[in-house]
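# here is a sequence together with a model predicted from it:
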Amino acid sequence: MKIKRVICAPGRTGFFFDDQRAIKKGARMDGASYEGEPVTPGFSAVRQAGEAVSVMLVLEDGQIAYGDCAAVQYSGAGGRDPLFLVKDFIPVIEKHIAPLLVGQEADSFRGLAAVLEEVNIDGKRLHTAVRYGVSQAILDAVARANKKLMCQIVAAEYGLTLRAEPVPIFTQSGDSRYENVDKMIIKGAAVLPHGLINNVKTKLGEKGEILLEYVSWLRSRIEKLRLERRYAPVLHLDVYGTIGQAFGNDNYDAMADYLAKLSEAAKPFKLRIEGPMDVENRENQMQALAELTQVVDRRGIPVEIVADEWCNTLEDIKYFADHKAGHMVQIKTPDLGGIGNIVEAVLYCKQKGIGAYQGGTCNETDRSAQVCVHLAMAARPDQILAKPGMGVDEGYMIVYNEMQRIIALIKE
């Protein structure tokens with residue numbers, strides 16, 4: 001079954017592009033917007049509408065496969081590719097990608113995806129968002145051509161076994177970290193709440209007191225609202241480097257002391273802390289996370305450290321996993337480019353005995369989230385992010401429902 005045409009459509013994502021550097025420098029919330037000037041190149045405001053490109057592959061028999069190009073909320077930060085704007089990248093896809101795909105047989109996901117990964121324009125690889133969306137469309141095309149589910153194609157091409165069992169879903173609250181937690185508990189989310197702890201003064205506390213109080217509230221709220229005692233979600237909080245800001249990026253004992261307090265407040269629930277520090281480059285970030293992980297393990301503190309910033313590409317993930325820089329690595333799906341790299345990253349983490357969190361961003365689309373569920377059902381990470389958006393209901397619905405469809409179909 002050959003690919004006959006490539007068609008692009010502009011789209012919106014489920015959240016926004018936010019200038020992380022500007023926020024860290026003190027840009028203040030003003031309703032749903034931010035006050036202040038952008039700092040990161042490409043941004044016209046501290047917060048602007050998230051953009052996507054839907055790439056549609058028309059097959060010979062008239063079927064249409066599609067995937068969505070999207071980039072993370074904090075584009076241009078932490079070593080990531082620059083801001084992804086529709087006006088800049090639809091022409092790139094039409095000029096450089098469409099001619100490569102038209103006329104190709106949709107018979108091998110890995111084969112076609114490998115061609116995409118090798119494309120260079122003026123000595124540079126394609127933007128990660130382009131590779132992300134086009135590879136989704138390629139997987140869908142191969143699945144449609146073979147009358148299979150996308151997860152069945154992934155399992156067959158990577159030698160994996162599908163199981164009719166769910167992958168734990170991680171929900172994110174955004175700044176509505178109280179009201180949205182109630183939604184998560186009512187819906188039985190396996191991992192919660194993310195929390196968006198991205199400011200020391202207003203969300204962590206100069207001595208960590210605000211977050212400590214929040215963790216205690218989380219524990220109490222779960223115990224109050226859960227319908228069954230056996231419901232025991234993992235508490236996973238993304239702190240965006242604020243613990244390092246408050247206690248010192250290289251003051252590992254002080255950070256560990258604070259993590260011990262958080263873990264005590266979380267009991268009896270398991271605690272994960274994502275991005276405890278951000279030291280502004282890959283090598284130093286890896287070393288800092290590895291050091292903190294060793295201190296936490298040596299002292300027997302029951303908390304898992306999750307790597308995020310500066311751990312973007314497949315190569316980065318392997319590097320952090322090799323050096324045990326964290327107990328778990330976030331595989332931030334749009335940052336890896338082609339979706340085959342997501343599968344490779346999950347499998348590598350599992351091989352190395354480090355947790356695999358198949359994440360992503362609130363700034364994705366319904367389609368990219370659905371495709372990611374198929375990857376997760378084949379590769380089996382420890383958890384998958386509910387996305388897009390920060391409202392809980394929509395992202396959880398999209399990921400949960402796609403997962404349940406897959407489970408029902410592969411049981412047949």
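Received it, and whenever you're ready, just let me know what you need.

# partners of the helix or strand harbouring residue 17, with directions?
For residue 17, the host element (DSSP states H and E) is strand 3-18. Using DSSP bridges, the strands paired with strand 3-18 in its sheet are strand 47-59 (antiparallel).

# tell me how many other residues crowd residue 55.
Using other Cβ atoms under 10 Å, residue 55 has 29 other residues around it. For every residue, glycine as well, the C-beta is placed using N, CA and C.

# leaving out sequence neighbours, find the closest residue to it.
Nearest residue to residue 55, sequence neighbours excluded (Cβ to Cβ, 6 or more residues apart in numbering): residue 137, at 4.7 Å.

# the one you found contacts residue 63, correct?
No. Judged on Cβ atoms under 8 Å, residue 137 makes no contact with residue 63 at a distance of 11.8 Å.

# name the residue in those two with the higher neighbour count.
Relative neighbour count places residue 137 above the other of residue 137 and residue 63, with 27 against 16, counting by other Cβ under 10 Å.

# that's a helix at that one, yeah?
Yes. The assignment for residue 137 by DSSP: H, G, I helix; E, B strand; the rest coil puts it in a helix.

# rewinding a little: residues in contact with the residue nearest to residue 55?
55-57, 65-67 (Cβ atoms under 8 Å, 6 or more residues apart in numbering).

# and it, how far is that from residue 306?
According to Cβ to Cβ, to the nearest Å, residue 137 and residue 306 sit 30 Å apart.

# so which bits of the strand holding residue 17 are buried?
3, 6, 8, 11, 13-18 (16 or more other Cβ atoms under 10 Å).

# in JSON lines: those, plus pLDDT and distance to residue 331.
Converted to JSON lines, these look like this (pLDDT from 0 to 100; distance: Cβ to Cβ, whole Å):
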{"residue": "3", "pLDDT": "98", "distance to residue 331": "28"}
{"residue": "6", "pLDDT": "98", "distance to residue 331": "27"}
{"residue": "8", "pLDDT": "98", "distance to residue 331": "26"}
{"residue": "11", "pLDDT": "97", "distance to residue 331": "23"}
{"residue": "13", "pLDDT": "97", "distance to residue 331": "19"}
{"residue": "14", "pLDDT": "96", "distance to residue 331": "19"}
{"residue": "15", "pLDDT": "95", "distance to residue 331": "19"}
{"residue": "16", "pLDDT": "95", "distance to residue 331": "22"}
{"residue": "17", "pLDDT": "95", "distance to residue 331": "21"}
{"residue": "18", "pLDDT": "93", "distance to residue 331": "21"}
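
# return the closest of these with respect to residue 377.
Among these, residue 14 lies closest to residue 377 (Cβ to Cβ), at 21.1 Å.

# am I right that the closest one is in contact with residue 385?
No. Taking contacts as Cβ under 8 Å, residue 14 lies outside contact range of residue 385: 11.7 Å.

# shared neighbours of those two, anything?
Contacts common to residue 14 and residue 385, judged by Cβ under 8 Å, 6+ apart, are residue 395.

# residue boundaries of the strands in the stretch 301-412 of the chain?
303-307, 328-331, 355-358, 383-385 (DSSP state E, counting those that start in this stretch).

# may I ask which helix or strand of this structure has the lowest mean pLDDT?
The weakest-scoring helix or strand in the chain, judged by mean pLDDT, DSSP states H and E, is helix 20-24 (a mean of 85).

# separation between the residue nearest the centre of the chain and residue 318?
Geometric centre of the chain, nearest residue: residue 360, 1.7 Å, by Cα atoms, centre = their mean. For residue 360, the distance to residue 318 equals 19 Å [Cβ to Cβ].

# so how far is residue 367 from residue 392?
Residue 392 sits 19 Å away from residue 367, taking Cβ to Cβ as the criterion.

# tell me how the protein divides into domains.
Domain segmentation of the chain under automatic domain parsing yields 3-158, 169-411.

# looking at these, which one is packed in the most?
domain 169-411 (a mean of 21; mean count of other Cβ atoms under 10 Å).

# just the endpoints, please. Distance across it?
In domain 169-411, first residue to last residue: 20 Å (Cα to Cα, to the nearest Å).

# what does stretch 61-70 give?
28 Å.

# try stretch 98-114
Using Cα to Cα, the end-to-end distance of stretch 98-114 comes out at 15 Å.

# stretch 36-51 now?
By Cα to Cα, one end of stretch 36-51 lies 21 Å from the other end.

# quick one: the helices in the stretch 301-412 of the chain?
Along the stretch 301-412 of the chain, counting by DSSP state H, counting those that start in this stretch, helices occupy 314-322, 340-352, 366-379, 393-411.

# which elements pack onto the second one?
For helix 340-352, the helices and strands in contact under the criterion 3 or more Cβ pairs under 8 Å, 6 or more residues apart in numbering; DSSP states H and E are helix 109-117, helix 150-158, helix 314-322, strand 328-331, strand 355-358, helix 366-379.

# one more time with 10 Å, if that's ok
In terms of contacts (3 or more Cβ pairs under 10 Å, 6 or more residues apart in numbering; DSSP states H and E), helix 340-352 is packed against helix 109-117, helix 128-145, helix 150-158, helix 314-322, strand 328-331, strand 355-358, helix 366-379.

# only alpha carbons, please: show it as CSV.
Output of helix 340-352 as CSV, limited to C-alpha atoms (Å, rounded to 0.1, in the frame of the first residue of the first chain):
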residue,chain,number,x,y,z
GLY,A,340,10.6,5.0,17.5
ASN,A,341,13.1,6.7,19.8
ILE,A,342,10.4,6.7,22.5
VAL,A,343,10.2,2.9,22.3
GLU,A,344,14.0,2.6,22.3
ALA,A,345,14.2,4.9,25.3
VAL,A,346,11.7,2.9,27.3
LEU,A,347,13.4,-0.4,26.5
TYR,A,348,16.9,1.0,27.3
CYS,A,349,15.7,2.3,30.8
LYS,A,350,14.2,-1.1,31.6
GLN,A,351,17.4,-2.8,30.5
LYS,A,352,19.4,-0.6,32.8
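
# got a list of contacts for the next helix-or-strand element following the least confident helix or strand of the chain?
Following helix 20-24 in sequence order, the next helix or strand is strand 29-30 (DSSP H and E). Residues outside strand 29-30 that contact it (Cβ atoms under 10 Å, 6 or more residues apart in numbering) are 23, 35-36, 46-47, 175, 199, 202.
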